[in-house]
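Q: build me a model from this:
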Amino acid sequence: MSSDKEGNYCSVCGGIPPDEIRIRKILVDGKETGIDKLDFILDDVARLGLSGDAEIIAELLKRVQVFNYIPTKKADLYAQALLKEYRAHLQAGSGATH
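A: Predicted structure coming up:
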């Protein structure tokens, strides 16, 4: 068993514990796609107070890619889907407003 200093790992496989996985499905190119930690990412980006779409998209993609694979050929489609989710997140009042 690992100590707190080593992080939180599954005691069976040594990977991410199942209760730490936070996947939400969004539509990317008309297909349901799971994005891990999306709500956490949307909250973080909202707190930055970015105003331009290009800045917001760049930050969303950078953070989403930490936890999820984004195919290079579909990066623009992911960008548009993430921006749409970001705007909905702000309208719902889930994130910080600027």
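
Q: tell me who's in contact with the residue nearest to residue 67 when sequence neighbours are not counted.
A: Once flanking residues are discounted, residue 67 sits nearest to residue 36: 4.4 Å by Cβ to Cβ, 6 or more residues apart in numbering. C-betas here are computed from N, CA, C, even on glycine. Neighbouring residues of residue 36 by Cβ atoms under 8 Å, 6 or more residues apart in numbering: 21, 22, 23, 67, 68.

Q: and the spatially most central residue of the chain, what does it touch?
A: Closest residue to the average C-alpha location of the chain: residue 38 at 3.0 Å, with Cα atoms, centre = their mean. Contacts for residue 38 were tallied using Cβ under 8 Å, 6+ apart; they are 22, 23, 24, 26, 64, 85.

Q: in the protein, which spans are helices?
A: 38-48, 53-67, 75-91 (DSSP state H).

Q: TSV for the ones you listed, including distance to residue 13 and mean pLDDT?
A: Formatted as TSV, those follow (distance: least, Cβ to Cβ, whole Å; pLDDT from 0 to 100):
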stretch	distance to residue 13	mean pLDDT
helix 38-48	23	97
helix 53-67	18	97
helix 75-91	28	97
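
Q: as a markdown table, those helices with distance to residue 30 would be great.
A: Compiled in a markdown table, the helices of the chain are given as follows (distance: least, Cβ to Cβ, whole Å):
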| stretch | distance to residue 30 |
| --- | --- |
| helix 38-48 | 18 |
| helix 53-67 | 19 |
| helix 75-91 | 9 |
